[in-house]
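> Predicted coordinates and the sequence they were generated for:
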Amino acid sequence: MIDFLNALVVLANFVLVPAIAYGSQLALGALGVTLIYGILRFSNFAHGDTMAMGTMGVIFATWWLQSLGVSFGPLPTALLALPFGIAFAIALTLGTDRLVYRFYRAQRAKPVILVIVSMGVMFIYNGLTRFIIGPGDQRFSDGERFIISAREFKQMTGLREGLAIKTTQGITLVTAIIVVIVLFWFLNRTRTGKSMRAYSDNEDLALLSGISPERVVMVTWLIVAALATIAGTLYGLDKSFKPFTYFQLLLPIFAAAIVGGLGNPLGAIAGGYLIAFSEVGITYAWKKVLRYLLPENLEPSTLMQLLGVEYKFAVSFALLVVVLLFRPTGIFKGKSV
Amino acid sequence: MTGGYGRGADILHGCTIAVERGQIAVIVGPNGAGKSTAMKAVFGMLNVRDGAVRLGGKDITGLSPQDRVAEGMGFVPQTQNIFTSLTVEENLEMGAFLRRDDISETLEQVYDLFPILRDKRRQAAGELSGGQRQQVAVGRALMTQPQVLMLDEPTAGVSPIVMDELFDRIIEVARTGISILMVEQNARQALEIADKGYVLVQGRNAHTGTGQELLADPQVRRSFLGG
Amino acid sequence: MTDRVRTVFLFGLVAVLIIGTGISQSWNSALGILNMGLISAIMALGVNLQWGFAGLFNVGIMGMVALGGLAVVLVSMPPVPDAWAAGGLGAVAGLCIGAATITLAIFAWSRAPKRWRGWTVAAILIIGFVFYRMIFAPSTAAIEAVNPAGTGYLGGINPGGAGNFKSWGWITILAWPLGGVLAAGAAWAIGKTALGLRSDYLAIATLGIAEIVIAVLKNEDWLTRGVKNVVGLPRPVPYEIDLQADASFVDRAAGLGLDPATASTLTVKIGYSLLFTAVLLILLVLAQLALKSPWGRMMRAIRDNEVSARAMGKDVTARHLQIFILGSAICGVAGAMLTTLEAQLTPASYQPLRFTFLIWVMVIVGGSGNNLGAVLGGFIIWFLWVQVEPAGVWLMYIITAGMPEGAPLREHLLASTQHMRLLTMGTILLLVLRFAPRGLLPER
């Protein structure tokens, strides 16, 4: 029985907790991608870099607040800096839309052209981020490091294995839940939110009903900028901020959005957690868990790791391929094949 | 009206369509006669090069479709006329998007007109049957409280029983004082409920009269109603 | 300006830019730009085949290029006999089991009765995976244990052996077509799954396969030495040292007024230029012939109206697969040439912005659908990519001239000039898309 509990704790410590945090971050990222896809109808390759830009705004605001001596007690100062970062990201996305995307929207350009345009935007954002804050790692997490540390957990429960929950992991989950609730309330209960869904569903009929496309698009960018900044900041707090890592997040985020069903917000969330759990689960060395569960003579001699951590991209990719092969519209039905 | 799509050839040639308050006008004619085009011209979805569109005496020829909705026109396209992923009630709310006042009364009126929608108000519109979807579509257009409701082949693809029911509903809508202009493939049934009928041939008015007159006209019967 | 004049003018401009670099900076860097420009042009040609001819959106170019690099290692390096003895057989057997498992699973999926096929396939995959790991993992560990600092991998097939493999330098050229074949294989696998679906799906799938290829190169030490890199790959052209030791060469160099060191570097680079030019010309001629052939017309017809092409009985998905494989193979060839030029395989140097998205800028700027345009774009964008950095440094010195020496902002700006490249490329791409969406040399 104790063995079982120990196994459970190991599992929670190394798989469940990290995967929930990572999944929340991916889900928020994928929500942004899926909203852009549903409303503006293209896959936004600049999304990873939008996250990086927003997070950069948060980092600068954090440093500024820290220099003023402001802190958030046990919580990271970055949370107080979030509104600044979001405002910066909103200015950025709206400016980009005004300068770049609006022209193609007026022309009713094909989606793939917009994808290429977003590649150009990606270059610029990426360059700007590296130019302003540099390509290196930035740590901007402060406050209490753990909600509960492995040692405290062991003392509390008397178990051999410890369970550590980082403050950032707790914050990630709580923030993600709040954001998702607010977002769904907005989409399902407010007039503007409903008009966004209507526009995403049937553009021509939305026009006939007097829904203004420019307004819908503007609100979409507002939301996407906020989501991207929050997702980026949570990821940065939990791990660390590095422009190139954010660019690379594009793959799992897109995989999450597609696996869940492009254009479907619920799908984006499910996809985010699915990708995160598969990624963490498949690259985790299960030996430690199995050691508690199996009788001694069956104890595995290898690490019982299905794939090296280096191949985590392969997991997103494999899930993506499976979904493409068997259910091209995603788990929750997304828009068209 | 004379007009066509973009800068292409004219499809309509001096054709005239009018409907009085509370009446039903039906446009019928063979395939390619310009029925739907005439409807779109009235709604401002194509260039009208010559002639005018008037609503209650006001010239609205220069207005965009959206502005015409605000002026009191309702339009139900032939296909993709509902928001499939939204619930029935949300569809109706979106129909009233331009209105800033309280819409609950209009909502009640629509539900009274189409009781089935009241039962299914929380369901996604895409899950409804063909006839119910058309009711949602018509209901959506009614939410702006239009003076004129335009229907593009409302009975396309529904069974004869549902078609009869839909026509009954349309008559009821007309009784509330809304003018109805509709294009129909099912010419005979449509003319039966029409106060006024227009037979279009190659973008021109070929025959005009009350529904009963046209049904009685031997030439119309022979060429369009199959004897 | 007619098309022909425009083409001649723009290519003339490229020549002026490169020669100008030679005069104002050095001939060495001019030839460097030319060589990389040639390789870039070939990559752009491959992408243009996919995008310009068929409208396929491939953002996995980096993966194809890296596979080309792998081919060079596999061909041009000498085998490591100890490593083969330690685990060569096991590694090959493991790979065969892996391949057999997947084949069997696919076969079972199509043949087994519907009710059981899910379980059957899962069982095959799990059992196959266990066997694969049982045989593969110890073998690769054994291979990697053999002299890890020097080799620690299986090596290639260079018959010269460890002592004499550099004199078999010409064999490297054989790696170029092999690079194409490897890339074609990867393209076939992605194309089979993602073609025929939305264009965005193909994009994400290719993005994924590229990352996976790089992960394999970085981590499968038994194959590529991973991040320990494979350096000193043999060359198809002479070595500088040999040239400098050659008395007649030194005499000829002196006759031209060059010191032997400079002359030898230039000679080596010109050697590469000639080889690369030959490849580019062959591929360009083939691409032009293809474009003008009925096959090319059909491709463009499919691109412009897939529905009607399908209605006319064209097998759109099969044609797409065909051109996707061809284009990827060209990128693989270019990748092999690149690794040959650099004479080393450094998996960590493959960055998507540089090897995927930059190629896209080349194609769009040059003119998608026009082979000459793609080649032109390859040269121009590569030139800018190289020259923007010095230009950025110069610009930053001007901007920061008024600031006091050692001011943090000044230091920061001067240190960041290398990132000007990305900004410039993005701006160019957006400007071209906006104001000349058909590129410098539009499709006819």
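Nice, I can see it.

> Looking at stretch B:85-98 now, give me its mean pLDDT.
Averaged across stretch B:85-98, pLDDT comes to 93.

> closest point of the stretch 51-200 of chain A to chain B, which residue?
A:A198 (4.6 Å; CB to the nearest CB). Glycine gets a C-beta too; all of them are placed from N, C-alpha and C.

> ok, that residue touching A:D204?
No: taking CB atoms under 8 Å as the definition, A:A198 is not a contact partner of A:D204, at 11.0 Å.

> between those two, who's got more neighbours?
More crowded of A:A198 and A:D204, by other CB atoms under 10 Å in any protein chain shown: A:A198, with 24 against 12.

> Roughly how far does that one sit from chain C?
Relative to chain C, A:A198 is positioned 23 Å away (criterion: CB to the nearest CB, to the nearest Å).

> Over to A:P243?
In this structure, A:P243 and chain C are 9 Å apart, going by CB to the nearest CB.

> what's the burial count for that residue?
Here the number of neighbours of A:P243 (other CB under 10 Å) works out to 28.

> again with C:V231
C:V231: 11 surrounding residues under other CB under 10 Å.

> What are the boundaries of the strands in the stretch 51-200 of chain A?
A:146-148, A:165-166 (DSSP state E, counting those that start in this stretch).

> do the same with chain B
Counting by DSSP state E, the segments of chain B that form strands are B:2-4, B:24-28, B:47-50, B:54-55, B:58-59, B:73-76, B:148-152, B:179-183, B:196-201, B:204-209.

> where among the ones you listed is the average confidence lowest?
Taking each of those in turn, the lowest mean pLDDT turns up on strand B:2-4, with a mean of 52.

> out of everything not next to it in sequence, what's closest to the spatially most central residue of chain C?
Relative to the mean C-alpha position of chain C, the nearest C-alpha, by CA atoms, centre = their mean, is the one of C:V65, at 2.5 Å. Leaving aside its sequence neighbours, C:V65 sits nearest to C:G335 (CB to CB, 6 or more residues apart in numbering or on different chains; 3.3 Å).

> Checking my notes, that neighbour in a strand, right?
No: counting by DSSP: H, G, I helix; E, B strand; the rest coil, C:G335 is not found in a strand; it is helix.

> Count the residues that sit near it.
Neighbours of C:G335 (other CB under 10 Å): 33.

> that older thread, hey, least reliable of the strands of the stretch 51-200 of chain A by pLDDT?
For these, mean pLDDT drops lowest on strand A:146-148, to a mean of 88.

> What strands line up against that one, and which way round?
Strands flanking strand A:146-148 in the sheet, each with its direction: strand A:165-166 (antiparallel) (DSSP bridges).

> residues contacting the residue of the stretch 1-150 of chain C found nearest chain B?
In the stretch 1-150 of chain C, the residue that lies nearest chain B is C:G55 (25.2 Å; CB to the nearest CB). In this structure, C:G55 makes contact with A:V112, C:S199, C:R303, judged by CB atoms under 8 Å, 6 or more residues apart in numbering or on different chains.

> Flag whichever of the residues you listed scores worst on pLDDT.
Ranked by pLDDT, these bottom out at C:S199, which has 76.

> so A:T229 makes contact with A:M51?
Yes: contact criterion CB under 8 Å: A:T229 and A:M51 qualify, at 7.2 Å.

> ok, back up a step: give me the subset of the contacts of C:G55 lying in helices.
Among the contacts of C:G55, DSSP state H puts A:V112, C:S199, C:R303 in helices.

> what about the closest residue to chain C within chain B, how many residues close to it?
At 17.6 Å from chain C, B:T79 is the closest residue in chain B, using CB to the nearest CB. When counting by other CB under 10 Å, one arrives at 9 neighbours for B:T79.

> and it, what pLDDT?
Taken from the predicted model, the pLDDT recorded for B:T79 is 87.

> Just say which of the strands of the stretch 51-200 of chain A is most tucked in.
Among the strands of the stretch 51-200 of chain A, strand A:165-166 has the highest mean neighbour count (mean count of other CB atoms under 10 Å in any protein chain shown), at a mean of 20.

> show me what contacts the residue in the stretch 201-337 of chain A that chain C sits nearest to?
Closest residue of the stretch 201-337 of chain A to chain C, CB to the nearest CB: A:F317 (3.5 Å). Each residue near A:F317 by CB under 8 Å, 6+ apart is listed here: A:L251, A:A255, C:A205, C:G208, C:I209, C:E211, C:I212.

> For the stretch 51-200 of chain A, which segments are assigned as helices?
The residue ranges that make up the helices of the stretch 51-200 of chain A, judged by DSSP state H, counting those that start in this stretch, are A:78-96, A:102-106, A:111-133, A:150-157, A:167-189, A:191-201.

> what angle separates the last one from helix A:167-189?
Orientation check (axes from the mean of the first three to the mean of the last three CA atoms, to 10 degrees): helix A:191-201 against helix A:167-189 gives 80 degrees.

> Quick one: list the elements packing against helix A:191-201.
Counting contacts by 3 or more CB pairs under 8 Å, 6 or more residues apart in numbering or on different chains; DSSP states H and E, helix A:191-201 packs against helix A:17-40, helix A:167-189, helix A:203-208, helix A:213-238, helix B:88-95.

> Give me the angle between the second one and helix B:88-95.
Looking back up the chat, that one is helix A:167-189. Orientation check (the same axes, to 10 degrees): helix A:167-189 against helix B:88-95 gives 70 degrees.

> how about helix A:167-189: buried residues?
Buried residues in helix A:167-189, counted by 16 or more other CB atoms under 10 Å in any protein chain shown: A:167-173, A:175-176, A:179-180, A:183, A:187.

> okay, the angle between it and helix A:78-96?
Following the same axes, to 10 degrees, one obtains 50 degrees for the angle between helix A:167-189 and helix A:78-96.

> So for helix A:167-189, mean pLDDT?
Looking at helix A:167-189 alone, the average pLDDT works out to 95.

> residue ranges of the helices in chain B, please?
B:35-43, B:65-71, B:88-95, B:104-113, B:115-119, B:130-142, B:160-175, B:187-193, B:211-216, B:218-224.

> for the stretch 201-337 of chain A, that is, sorry about that
Counting by DSSP H, counting those that start in this stretch, the stretch 201-337 of chain A has these helices, from start to end: A:203-208, A:213-238, A:243-248, A:250-260, A:265-282, A:287-293, A:312-326.
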